[in-house]
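Student: Provide a 3D model corresponding to the input given below.
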Amino acid sequence: MTQLATFTLADHLFGVEVSRVQEVLRYQPSTKVYLASPAIGGLMNLRGQVVTSVDLRRRLELEPRSDGSEPMNVVVRVDGEVLSLLVDAIGDVVTVSDDLFESPPETLSAKERELIVGAYKLEDRLLLALDIDRAVDVT
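Tutor: From the prediction side, this is the model:
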């Protein structure tokens, strides 16, 4: 059994291992980083700590947010660093059975398939397991 913290981007449901998530926050203003990768959403101040935000819509080459809504922050730990993933909406923590795990679906784009470890078939939709290490590697 695996526990995943879920969130949505466009019409996809994604999940990351709960153990990698530090906290979930409403949108925090960030400072743009000039000459950085377009996937870098900016730098934000998280209780005195400077945290890099990665815009997962840009990272996965999805359409930009068009409704003017602000993203949410999923603060994760990667190699001892704290980073924020900008997502559309926060979901629940779900426990999934490892026997529901499958390789990434062929219907995903090449960029999505590159950043997805696999998928879990839930009763009502597909849960895509995000590879956090690859997702935040925007160099």
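Student: burial of residue 43, as a residue count?
Tutor: Residues near residue 43, counting by other CB atoms under 10 Å, number 16. Placement of C-beta: from N, CA and C, glycine included.
Student: That one: helix or strand, and which one exactly?
Tutor: Using DSSP states H and E, residue 43 sits within strand 40-46.
Student: can you pull up the bridge partners for residue 94?
Tutor: Judged by DSSP bridges, the bridge partners of residue 94 are residue 4.
Student: mind checking how far it is from residue 137?
Tutor: 26 Å (CB to CB, to the nearest Å).
Student: swap in residue 75?
Tutor: With CB to CB as the criterion, residue 75 and residue 137 are 17 Å apart.
Student: what about those two, which has more around it?
Tutor: Neighbour totals were compared for residue 75 and residue 137, and residue 75 leads with 20 against 14 (other CB under 10 Å).
Student: Tell me if I am right that that one is in a helix.
Tutor: No - read with DSSP: H, G, I helix; E, B strand; the rest coil, residue 75 is strand and lies in no helix.
Student: I'm done for today, thanks for sticking with me.
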